[in-house]
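Sequence and computational prediction follow.
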Amino acid sequence: MEFDAPLVVTFVAYLLLILFLGIRAYRQTHDLGDYILGGRKLGAVVTALSAGASDMSGWLLLGLPGAIYLSGLSELWIGI
């Protein structure tokens, strides 16, 4: 494998960004309620999007493979 400078620079920049965001979030979190419930400051739209994303995640992980097995590869479009 050869050294690919743009790839390494991009990877390091990504790691630094994630580290920065993690430290920033850590400093804004004071107790368990802040961590789990977002300090109870999340609105209805964010809560609905989060619930929908959680529901879709379970479906795509468990339900979609079963649907593909039963109905064939034509079911793959559902995941899009």
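Okay, I see it.

And the helices in the protein, which stretches?
Using DSSP state H, the helices of the chain run over residues 5-28, 32-37, 44-58, 64-71.

which intervals of the chain have sub-threshold pLDDT?
For the chain, the stretches flagged by pLDDT under 70 are 1, 79.

Of the helices of the chain, which is nearest residue 78?
Closest approach to residue 78 among those is made by helix 64-71 (6.3 Å; Cβ to Cβ). No exception for glycine: its C-beta is placed from N, CA and C like everyone else's.

domains for this structure, by residue range?
1-40, 42-80 (automatic domain parsing).

gap between the two ends of the shortest one?
To tie it back to what came earlier, the one meant is domain 42-80. 28 Å (Cα to Cα, to the nearest Å).

ok so, going back, turn the helices of the chain into CSV, columns for mean neighbour count.
Output for these, formatted as CSV (neighbours: other Cβ atoms under 10 Å):
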stretch, mean neighbour count
helix 5-28, 10
helix 32-37, 11
helix 44-58, 10
helix 64-71, 12
